[in-house]
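Asks: need a structure here:
(chains A and B)
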2 protein chains.
Amino acid sequence: MSTAAYADAPRLYSFAAGDMGAWAIMRVDTIVGAPLARAARLAFAPGEPAAGAAWALRGFTSNARYVTRTERAALTASQAPLARAEARRAALIPIRKSPAWWALAQDERRAIMEDASRHIAIGLEYLPAIARQLHHCRDLGEPFDFLTWFEFAPEHEAQFDELVARLRASEEWAYVDREVDLRLVHQPPNS
Amino acid sequence: MSTAAYADAPRLYSFAAGDMGAWAIMRVDTIVGAPLARAARLAFAPGEPAAGAAWALRGFTSNARYVTRTERAALTASQAPLARAEARRAALIPIRKSPAWWALAQDERRAIMEDASRHIAIGLEYLPAIARQLHHCRDLGEPFDFLTWFEFAPEHEAQFDELVARLRASEEWAYVDREVDLRLVHQPPNS
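Replies: Below you'll find the model as predicted:
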């Protein structure tokens, strides 16, 4: 099988907490459900996690499951990439949704997520300041369903707080039964 | 982490071709794209494939990505489970969809799949005779995107041929760039 044919294929990423990694963990807030163990640093890298982490979470990037063509055009026009030099702050927000969410059909999930909760529209208001990448992990049997990674400049952290507060107040978030909010500062070990 | 909380979680399955397994491979037709190597038997089991297979494909069951509440109610009312005693025939149809398909947004994929191609409605016509289980594998970096497993009684094989012919004639199938059709007979090694 040629690798080239899959060059744009979805990718597995790992978030490993411990003594390694370019991100210093500044704060870990358990929003709902079981906490994650504290650690000093977080390593975010493609592939399986290195051995010896305090904990590790894995997820894959994939095609968007809800975004329409119109919404995608708006997102693409505004969004910023990861790894911008000025984006020295990050957040990792692992969430799990309840069995009630996963028992819903596609049209019902979409109605709650966007028609009622305006998840996509709210996120759009914070572009390009807040860069984001969603990783799916429910299908891997992981303890969370989604790992969302956000990067922003220090002066945009208050905006980021507002963004997550608005989403947590939405109808969609009534289906979130586990959520942890990790805040990080880019601090490569040799810096 | 309690296992019970994930009792209904998506599951990894493997299809391993070689000398082992309860299904004798009767026919392998390459519909489009690269073929799969011939083998005598196929083992279909949960988890990673056993070592030594001629080839193995892995996929996970997951939540449905397109089916609406109304469609799901119709499917649930009619569908039959796998492993019925009379369902001695099976088909494994691995497909890969083109980059053009994966570049579409959710509403565009849905419009082609159901509004134009009637994929769900056509499948419904063949229930309960044809039992099916979809396995997703694009997100695992596998050579196919989907592995669909079908089980039916020998007298329903002609109906099954009609079902796949109708789907292959649909607009959706213009986006299928690799497809292999394996036909199998249930023949446990010690039978």
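
Asks: was I right about residue A:63 contacting residue B:102?
Replies: Yes: Residue A:63 lies in contact with residue B:102 (C-beta atoms under 8 Å); the separation is 5.5 Å. Using the backbone N, CA and C atoms, a C-beta is placed for each residue, glycine as well.

Asks: in what helix or strand does the residue nearest the centre of chain A lie?
Replies: Among the residues of chain A, residue A:148 comes closest to the average C-alpha position under C-alpha atoms, centre = their mean, at 0.3 Å. Take DSSP states H and E as the rule and residue A:148 turns out to sit in strand A:146-152.

Asks: how about that strand against chain B, any contact?
Replies: No: when contact is scored as C-beta under 8 Å from any C-beta of the partner chain, no part of strand A:146-152 falls within range of chain B; the minimum is 12.9 Å.

Asks: Let me see the mean pLDDT of that strand.
Replies: Per-residue pLDDT values over strand A:146-152 give a mean of 98.

Asks: what does chain A put close to chain B?
Replies: Counting by C-beta under 8 Å from any C-beta, the residues of chain A that sit close to chain B are A:1, A:6, A:8-12, A:60, A:62-69, A:71-72, A:99, A:102, A:104-108, A:110, A:136, A:138-141, A:143.

Asks: remind me which residues of chain A are low pLDDT?
Replies: The model of chain A has pLDDT under 70 over residues A:1-10, A:191.

Asks: any chance you could map the helices in it?
Replies: A:69-78, A:99-102, A:106-110, A:119-125, A:157-168 (DSSP state H).

Asks: So what's the gap between the second one and the chain middle?
Replies: Helix A:99-102 has its average C-alpha position 19 Å from the chain's average C-alpha position, going by C-alpha atoms, centre = their mean, to the nearest Å.

Asks: And it, what's buried?
Replies: Neighbour-count burial for helix A:99-102 flags A:101-102 (criterion: 16 or more other C-beta atoms under 10 Å in any protein chain shown).

Asks: now swap in stretch A:159-170 and tell me
Replies: Applying a neighbour-count criterion of 16+ other C-beta under 10 Å, one finds A:160, A:163-164, A:166-167, A:170 buried in stretch A:159-170.

Asks: Output the residues you listed as a markdown table; include the columns distance to residue B:39.
Replies: Listed next are these as a markdown table, based on distance: C-beta to C-beta, whole Å:
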| residue | distance to residue B:39 |
| --- | --- |
| A:160 | 53 |
| A:163 | 52 |
| A:164 | 51 |
| A:166 | 54 |
| A:167 | 49 |
| A:170 | 51 |
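
Asks: and which of those residues is nearest to residue A:122?
Replies: The shortest gap between residue A:122 and any of the buried residues of stretch A:159-170 belongs to residue A:166, at 5.4 Å (C-beta to C-beta).

Asks: Quick check, the closest one in contact with residue A:122.
Replies: Yes: because the distance of 5.4 Å satisfies C-beta under 8 Å, residue A:166 is recorded as touching residue A:122.

Asks: Find residues that contact each of these two.
Replies: Shared contacts of residue A:166 and residue A:122, defined by C-beta atoms under 8 Å, 6 or more residues apart in numbering or on different chains, are not found at any residue.

Asks: neighbours around the closest residue to residue A:100 other than its chain neighbours, how many?
Replies: Sequence neighbours aside, residue A:175 is the residue nearest to residue A:100 in space, at 6.1 Å (criterion: C-beta to C-beta, 6 or more residues apart in numbering or on different chains). Using other C-beta atoms under 10 Å in any protein chain shown as the criterion, residue A:175 is surrounded by 20 other residues.

Asks: and residue A:175, what does it touch?
Replies: Under the criterion of C-beta under 8 Å, 6+ apart, the neighbours of residue A:175 are A:97-98, A:100-101, A:112.

Asks: same check, this time on residue A:47
Replies: If a contact means C-beta under 8 Å, 6+ apart, then residue A:47 has A:12-14 as its contacts.

Asks: make it 6 Å
Replies: Counting by C-beta atoms under 6 Å, 6 or more residues apart in numbering or on different chains, residue A:47 makes contact with nothing.

Asks: Just read off the phi/psi values of residue A:49.
Replies: Listed backbone geometry of residue A:49 is phi -70, psi 150, with angles given as degrees, to the nearest 10.

Asks: so it makes contact with residue A:14?
Replies: Yes: taking C-beta atoms under 6 Å as the contact criterion, residue A:49 and residue A:14 are neighbours in contact, 3.8 Å apart.

Asks: any shared contact partners between those two?
Replies: Shared contacts of residue A:49 and residue A:14, defined by C-beta under 6 Å, 6+ apart, are found at residue A:56.

Asks: Okay, the residue nearest to residue A:100 and residue A:96: tell me how far apart.
Replies: Going from residue A:175 to residue A:96 by C-beta to C-beta, to the nearest Å gives 10 Å.

Asks: Residue A:164 now?
Replies: Here the criterion is C-beta to C-beta. By it, residue A:164 lies 16 Å from residue A:96.

Asks: out of the helices of chain A, which comes closest to residue B:155?
Replies: Ranked by C-beta to C-beta, the member of these that lies closest to residue B:155 is helix A:106-110, at 34.0 Å.

Asks: about what we covered before: just curious, which of the contacts of residue A:175 is nearest to chain B?
Replies: In terms of C-beta to the nearest C-beta, no member of those lies closer to chain B than residue A:101, at 9.2 Å.

Asks: Quick one: residues contacting the closest one.
Replies: Taking C-beta under 6 Å, 6+ apart, we find residue A:101 in contact with residue A:175.

Asks: Repeat the analysis, applying 10 Å as the threshold.
Replies: Contact criterion C-beta atoms under 10 Å, 6 or more residues apart in numbering or on different chains gives A:108-109, A:112-113, A:145, A:172, A:174-177, B:63 as the residues in contact with residue A:101.
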